[in-house]
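A.B. asks: 3D, please:
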Amino acid sequence: MKIVVFGLGYVGATVTACLLRDGHTVIGIDVSTDKAAMIESGVSPVSEPGLDELLAAGRDAGGVRGFRAAAKCAIQSAGRLIYGSRRLFRYRT
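C.D. replies: Below is the predicted model of the structure:
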């Protein structure tokens, strides 16, 4: 399944790695160009044991892409959306 993860910090990077391990295609979106580039290159932007290995395996399998902004086409083509950061999602009251 193609899944979009918004926010590539501790939660988003870990979720991305686990989804890749399970064979999903993941599009990671973050406001930080550096984090998105790291995820796409198979390197974790956070320190968590085993995360680099999972991300690298996902990269090698062609299952991950990282973007700086929320691409409309990525959202429309995804089977599921996951928010890993409140900074990327505005709550309306």
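
A.B. asks: check contacts around the residue most central in space within the chain.
C.D. replies: Centroid check for the chain by Cα atoms, centre = their mean gives Gly28 as the closest residue, at 2.8 Å. The neighbours of Gly28, taking Cβ atoms under 8 Å, 6 or more residues apart in numbering as the test, are 4-5, 8, 12-13, 16, 35-36, 39-40, 64-67. Yep, even glycine has a C-beta here, placed from its N, CA and C like the rest.

A.B. asks: again with Pro45
C.D. replies: Residues in contact with Pro45 (Cβ under 8 Å, 6+ apart) are 8-9, 13, 32, 34-35, 38-39.

A.B. asks: Could you say which helix or strand holds Gly66?
C.D. replies: Using DSSP states H and E, the element containing Gly66 is strand 64-67.

A.B. asks: Buried residues, the longest helix seen in the chain. List them.
C.D. replies: Longest helix of the chain, by residue count under DSSP state H: helix 10-21. By neighbour count, with 16 or more other Cβ atoms under 10 Å as the criterion, the buried positions of helix 10-21 are 10, 12-17, 19-21.

A.B. asks: quick one on the thing from earlier: for the strand holding Gly66, packing partners?
C.D. replies: If contacts are counted by 3 or more Cβ pairs under 8 Å, 6 or more residues apart in numbering; DSSP states H and E, strand 64-67 sits against strand 25-29, helix 33-40.

A.B. asks: follow-up on the earlier one: as JSON lines, the contacts of Pro45 with pLDDT and distance to Glu53 would be great.
C.D. replies: Output for these, formatted as JSON lines (pLDDT from 0 to 100; distance: Cβ to Cβ, whole Å):
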{"residue": "Leu8", "pLDDT": "88", "distance to Glu53": "17"}
{"residue": "Gly9", "pLDDT": "90", "distance to Glu53": "19"}
{"residue": "Ala13", "pLDDT": "92", "distance to Glu53": "13"}
{"residue": "Ser32", "pLDDT": "84", "distance to Glu53": "22"}
{"residue": "Asp34", "pLDDT": "89", "distance to Glu53": "20"}
{"residue": "Lys35", "pLDDT": "88", "distance to Glu53": "18"}
{"residue": "Met38", "pLDDT": "90", "distance to Glu53": "14"}
{"residue": "Ile39", "pLDDT": "89", "distance to Glu53": "14"}
